[in-house]
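>>> Below are the sequence and a predicted model for it; my questions follow.
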Amino acid sequence: MMPVKQICVYCSSSNLIAKEYFDDARSLGRAIARNGITLVYGGGSSGLMGCIANEVLANNGKVIGIIPDFMKQVEWAHTGVTELHVVGDMHERKKKFLDGTDALVALPGGCGTLEELLEVITLKRLGLYTKPIIIVNVNGFYDPLIDMLHRCIDQQFMNRDSDQMWVVVSRSEVVIDAILHAPSWHDDAIHRATLK
């Protein structure tokens with residue numbers, strides 16, 4: 001098992017979501033800090049983004065925020081993170097999320113979180129990102145997406161072993177263990193991406 005030094009977390013910026021999502025984000029923040037792992041995230045101060053960053057910082061952990069300039073201009077940026085990287089646009093932000101990252105974790109979120117998660121699954125399918133992807137399915141939030149991904153597999157839009165690209169857990173307490181025990185993925189995945 002490779003050591004986990006840096007985890008990127010995709011998650012919501014909404015302050016209006018249920019308390020259980022915030023509780024779970026705090027749990028992940030504590031686990032990240034306790035294990036000496038650096039959090040990389042979207043750089044925001046609100047919602048689950050602000051929550052997890054604050055929890056890591058409160059437990060003496062390191063937080064790297066990556067935010068596009070236009071979001072910083074409207075004061076969405078978290079001003080207390082260890083490092084704040086301001087980038088030109090959303091595409092640059094998503095690329096920087098994965099630089100040096102040992103695993104990707106998706107907490108519940110809206111269209112931005114879903115888009116980021118599906119993009120990294122696509123990158124993994126092409127062999128361009130082969131690290132663990134953990135989907136934290138709090139309260140069954142991701143059930144419809146997981147069903148859709150399995151439908152893609154069942155109807156042969158994706159390979160039979162495509163569900164080895166991600167691991168689904170129901171709560172953040174087990175995320176670190178899930179990363180350490182995630183199935184390996186093919187370095188040559190690009191040669192298997194087109195079904196014939």
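Happy to help now that I have it. Only a predicted model underlies this, so the values are computations on that prediction, with no experimental measurement involved. Residues are numbered from 1 along each chain as shown.

>>> Give the other helices and strands that the worst-scoring helix or strand of the chain on mean pLDDT contacts.
The weakest-scoring helix or strand in the chain, judged by mean pLDDT, DSSP states H and E, is helix 69-73 (a mean of 92). When contacts are defined as 3 or more Cβ pairs under 8 Å, 6 or more residues apart in numbering; DSSP states H and E, helix 69-73 sits against strand 83-87. For the C-beta atoms, the positions are set from N, CA and C on the backbone; glycine is no exception.

>>> I'd like the mean pLDDT over the strand it packs on, please.
Model confidence over strand 83-87 averages 97 on the pLDDT scale.

>>> Check which residues of whatever helix or strand comes next after that strand are buried.
Stepping forward along the backbone from strand 83-87, the first helix or strand reached (DSSP states H and E) is helix 90-98. Across helix 90-98, burial judged by 16 or more other Cβ atoms under 10 Å covers 93-94, 96-98.

>>> For helix 90-98, list the C-alpha coordinates in PDB.
Coordinates of each C-alpha in helix 90-98 appear next as PDB, following Å, rounded to 0.1, in the frame of the first residue of the first chain:
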ATOM      1  CA  MET A  90     -12.700  25.800 -13.600                       C
ATOM      2  CA  HIS A  91     -10.700  23.600 -16.000                       C
ATOM      3  CA  GLU A  92      -7.400  24.600 -14.500                       C
ATOM      4  CA  ARG A  93      -8.900  24.100 -11.000                       C
ATOM      5  CA  LYS A  94      -9.900  20.600 -11.700                       C
ATOM      6  CA  LYS A  95      -6.500  19.700 -13.200                       C
ATOM      7  CA  LYS A  96      -4.800  21.200 -10.100                       C
ATOM      8  CA  PHE A  97      -7.100  19.200  -7.800                       C
ATOM      9  CA  LEU A  98      -5.500  15.900  -9.000                       C
END
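
>>> between that helix and strand 83-87, how big is the angle?
Using axes from the mean of the first three to the mean of the last three Cα atoms, to 10 degrees, the interaxial angle of helix 90-98 with respect to strand 83-87 works out to 150 degrees.
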